[in-house]
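Novice: with the input below, show me the fold.
(chains A and B)
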Amino acid sequence: MQFTREQLLDAYHRMARIRAFEDRVSIEFSNGNVPGFVHLYAGQEASGVGICLGLGDDDWIGSTHRGHGHCIAKGCDVKGMMIEIFGKEGGLCRGKGGSMHIADLSKGMLGANAIVGGNPPLVIGAALTAKTLKTGKLAVSFTGDGGSNQGTTFEAMNLAVVLKLPAIFVLENNGYGEGTGVSYHCGAKDLASRAAAFGMPAVTVDGTDFFAVAEAMRDAAERARSGGGPTAIETTCLRFYGHFVGDPQLYRSKAEIKTARENDPLIKFRARVIAGALLDAAQLDAIDQEVAAEIEEAVAAATSAQWPSPAELERDVYVQY
Amino acid sequence: MPKKSYRQAINEALRQEMRRDPRVVLIGEDVAGGHGGSGEIDAYGGVLGVTKGLITEFGADRVIDTPITESGFIGMAAGAAATGLRPIVDLMFVDFLGVCFDQIFNQAAKFRYMFGGNARTPLVVRAMVGAGFRAAAQHSQMLDSMFTHVPGLKVVMPSNAYDAKGLLIQAIREDDPVIFLEHKTLYDTEADVPDDAYTIPFGEADIVRDGDDLTVVAFSAMVPRCKAVAEKLAKEGISIEVIDPRTTSPLDEATILESVERTGRLVVVNEDTPRCSMATDIAALVAEKRFYNLRAPIRRVTAPHTPVPFSPVLEDLYVPSTERIEAAIRASLGDPARIAAQ
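Specialist: Prediction:
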């Protein structure tokens, strides 16, 4: 699969932005600046970016509680995201959603979702809209290995096949549903074969390899846009952090965490594009610096942002008592 | 004006709105019926025939039969609503809420608020409610209080064919999720229903009958029942005001409060179970805001705190009867407080 230099730079930019964002959120959380629950996507960047790179703002994605990476991959503004995660005025959801509910419908981001298995039915709804209004757009559901066990995921897969919807089910298998390993919690040998049983093409790819993910996505997107119905893509990867920030991760070995870091999707991407003389190190370094400045600016904005006004409490409920 | 049944009125509202707006689609189990079989499409037209004939006019892309998979298709409808369609989804029996509530109350109901006002979800969930069909515990509940409890849902309970059409058209034109509860014993009841499309605003109660001695607030199939009791008592010179709020969320508090100010007496009649219900809600409202107008204790007539029983003898005891309604009214009127005041 061929990529232009611009596409590769864009891909690296998005992955680097996710990594820098997540590493910084971890620090800000530890410093007490982030209320609530936070689940980080570091280590899975190639999955989100490989899927989203070719999508437009009017293609849809639905995400999970581990959604920051999907938001960034889909083009959500990192400053608005950081302010949202801080719970402040000016956040993408006016400080009323938080880390687990970031949405930006203008970017085709239908929401992070704190109900595991919550988004697949919603995403096939976006696909139904595309099919009914004949927009030629598609919709992607990101679900983890944990969420892949939910009945909602199965129902959505079956419906997508039955109604021949332009939907893509991305099953991000990071090895754990919270703290329970996939070898225990999933009865099938892999997630793709289970999806295939619903009657759709399904593949498993290395989720730390941007190129492998993007290639699988290209096939799935072509199928979806040409009326060929849904596809499932299982992307395998390991998360760098625990289930949540602060998770002592006693359920996995230090060796495994080391392996995750050794399979860093950004390092792999760098090695590949430099070895193939597609990009040079200086360009990538420049992106790293650019991203660091973006994140610094986002944190500064979030730190100085105001808390929401009390009037926000009852705004956007349309029946008040 | 032509007489039409509650069933026809709903069918006509759906048909007229689907003609008016191509974004309106109908989704549910057997809304046509017959897909994948060896016989006819539109075999059912909804299990009680409410959506009969719609697939013939609008085709399978807009009258979408689904597998029996409520979480999947209610969520699909919510996602479609947030992205540009205006789906009407048929949950069939409201009792099936049990297998799909997450997609209604954690998803559709929360988008607008949780996403900071950046999402609209023009979704209508139609469902059949109520006892009377000997359909037992899992096909006979009301559950209106469960929906009314959820911020982010509007809840509609038409008590007659005229309201059913106007409220459903209003529901379809709303930009937020609406739960539309159709009482299955009302489908064959008739009323004057205009042929043209019309809307009835939410949050505006219907004063079904004017009266001065006592206020009855009733919902859904309890409305005609209360009206019959009021007509009977009128022959004895007892003047009962019957109010049908029509929507439980938003609730027309003003009409109820104004009525109780005049009558000083309130009986609330609802088929739902008694705790944390519309009956307790309205009792609390009046106790809080018109306590000093009350001349007798507020009385509630509801189902008992039990599942709906199967045996016809027991089911008839379950649903508030005209006898129980009349007894509550008479008890309220005969209260010593009233005698002392005279």
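
Novice: my reading is that A:Met81 lies in a helix. Confirm?
Specialist: Yes - per DSSP: H, G, I helix; E, B strand; the rest coil, A:Met81 lies within a helix segment.

Novice: list the contacts for it?
Specialist: Contacts for A:Met81 were tallied using Cβ atoms under 8 Å, 6 or more residues apart in numbering or on different chains; they are A:21, A:68, A:71-72, A:91-92, A:102, A:298. Just so you know, the C-beta spots here come from the backbone N, C-alpha and C atoms, and that holds for glycine as well.

Novice: now do 10 Å
Specialist: A:21, A:25, A:67-68, A:71-72, A:91-93, A:99, A:102, A:104, A:298, A:302 (Cβ atoms under 10 Å, 6 or more residues apart in numbering or on different chains).

Novice: next one: A:Glu22
Specialist: A:38-45, A:66, A:68-69, A:72, A:239-241, A:245, A:295.

Novice: of the contacts of A:Met81, just say which sits nearest to chain B.
Specialist: A:Cys93 (3.6 Å; Cβ to the nearest Cβ).

Novice: what about the closest one, neighbour count?
Specialist: 25 (other Cβ atoms under 10 Å in any protein chain shown).

Novice: is B:Glu125 bridged to anything, and to what?
Specialist: Quick fix: residue B:125 is Val, not Glu. B:Val89, B:Ile179 (DSSP bridges).

Novice: kindly report the same for the one 4 residues further on.
Specialist: Beta-bridge pairing for B:Val129 (DSSP bridges): B:His183.

Novice: now A:Ala292. Nearest residue, chain neighbours left out?
Specialist: What sits nearest to A:Ala292 in space, not counting adjacent residues and going by Cβ to Cβ, 6 or more residues apart in numbering or on different chains, is A:Ala20, at 5.9 Å.

Novice: just to check, B:Gly79 is in contact with A:Thr152?
Specialist: No - using Cβ atoms under 10 Å, B:Gly79 is not in contact with A:Thr152, being 11.6 Å away.

Novice: which of these two has more neighbours?
Specialist: Taking other Cβ under 10 Å, B:Gly79 and A:Thr152 do not tie; B:Gly79 has more neighbours (35 against 25).

Novice: show me the contacts for residue 302.
Specialist: No chain was given, so I picked chain A. A:28, A:33-34, A:79-88, A:90-91.

Novice: meant chain B actually
Specialist: B:142, B:222, B:268-275, B:277-280, B:319-320, B:324.

Novice: in strands, which of the contacts of A:Glu22 fall?
Specialist: Of the contacts of A:Glu22, none are assigned to strands by DSSP state E.

Novice: and chain B, which of these contact it?
Specialist: When these are checked against chain B using Cβ under 10 Å from any Cβ of the partner chain, none falls in range.

Novice: circling back: so how do I select the buried members of the contacts of B:Thr302 in ChimeraX?
Specialist: Remark: buried members of the contacts of B:Thr302, expressed as a ChimeraX selection using 16 or more other Cβ atoms under 10 Å in any protein chain shown:
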select /B:142,222,268,269,270,271,272,273,277,278,279,280,319,320,324
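
Novice: now B:Arg299, what are its backbone angles?
Specialist: phi -120, psi 140 (degrees, to the nearest 10).

Novice: number of nearby residues for it?
Specialist: B:Arg299 is flanked by 21 other residues according to other Cβ under 10 Å.

Novice: again with A:Gly181
Specialist: Counted with other Cβ under 10 Å, residues neighbouring A:Gly181 total 13.

Novice: and the closest residue to it other than its chain neighbours, how far from chain B?
Specialist: Leaving aside its sequence neighbours, A:Gly181 sits nearest to A:Gly175 (Cβ to Cβ, 6+ apart; 6.3 Å). Using Cβ to the nearest Cβ, to the nearest Å, one obtains 26 Å as the distance from A:Gly175 to chain B.

Novice: ok, A:Gly175 - contacts?
Specialist: A:144-145, A:181-183, A:236-239, A:252, A:256, A:260.

Novice: if we use 7 Å, what do you get?
Specialist: By Cβ atoms under 7 Å, 6 or more residues apart in numbering or on different chains, the contact set of A:Gly175 is A:181-182, A:238.

Novice: which one among those gets closest to A:Thr135?
Specialist: Among the contacts of A:Gly175, A:Val182 lies closest to A:Thr135 (Cβ to Cβ), at 35.4 Å.

Novice: setting aside sequence neighbours, what's the nearest residue to the closest one?
Specialist: A:Val182 sits nearest to A:Asp145 (Cβ to Cβ, 6+ apart), 4.6 Å away.

Novice: what do you get for A:Phe169?
Specialist: A:Ala232 (4.3 Å).

Novice: and if you look at A:Lys137?
Specialist: A:Ala130 (4.3 Å).

Novice: give the rounded mean pLDDT of stretch B:161-168.
Specialist: The average pLDDT for stretch B:161-168 rounds to 98.

Novice: which residue is nearest the middle of the chain?
Specialist: With no chain named, the answer covers chain A. Nearest to the mean C-alpha position of chain A, by Cα atoms, centre = their mean, lies A:His70 at 2.6 Å.

Novice: not quite, go with chain B.
Specialist: Most central in chain B (Cα atoms, centre = their mean) works out to B:Met157, at 1.7 Å.

Novice: and the strands in the chain?
Specialist: Defaulting to chain A. Going by DSSP E, chain A shows strands at A:60-62, A:139-144, A:167-173, A:176-177, A:180-181, A:202-206, A:231-236.

Novice: look at chain B instead
Specialist: B:3-5, B:24-28, B:63-65, B:86-93, B:124-129, B:154-156, B:178-183, B:190-192, B:206-209, B:214-218, B:240-244, B:247-249, B:266-269, B:299-301.

Novice: make JSON lines out of those and add mean pLDDT.
Specialist: Below are the strands of chain B laid out as JSON lines (pLDDT from 0 to 100):
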{"stretch": "strand B:3-5", "mean pLDDT": "98"}
{"stretch": "strand B:24-28", "mean pLDDT": "98"}
{"stretch": "strand B:63-65", "mean pLDDT": "97"}
{"stretch": "strand B:86-93", "mean pLDDT": "97"}
{"stretch": "strand B:124-129", "mean pLDDT": "98"}
{"stretch": "strand B:154-156", "mean pLDDT": "98"}
{"stretch": "strand B:178-183", "mean pLDDT": "98"}
{"stretch": "strand B:190-192", "mean pLDDT": "98"}
{"stretch": "strand B:206-209", "mean pLDDT": "98"}
{"stretch": "strand B:214-218", "mean pLDDT": "98"}
{"stretch": "strand B:240-244", "mean pLDDT": "98"}
{"stretch": "strand B:247-249", "mean pLDDT": "98"}
{"stretch": "strand B:266-269", "mean pLDDT": "98"}
{"stretch": "strand B:299-301", "mean pLDDT": "98"}
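
Novice: what's in contact with stretch B:218-228?
Specialist: B:129-130, B:144, B:157, B:159, B:181, B:183, B:185-186, B:208-209, B:216, B:242, B:244-245, B:269-271, B:278, B:320, B:322, B:325.

Novice: domain ranges for chain B?
Specialist: B:3-192, B:206-341 (automatic domain parsing).

Novice: from the chain's centroid, how far away is the last one?
Specialist: Centroid separation between domain B:206-341 and its chain, computed with Cα atoms, centre = their mean, to the nearest Å, is 16 Å.
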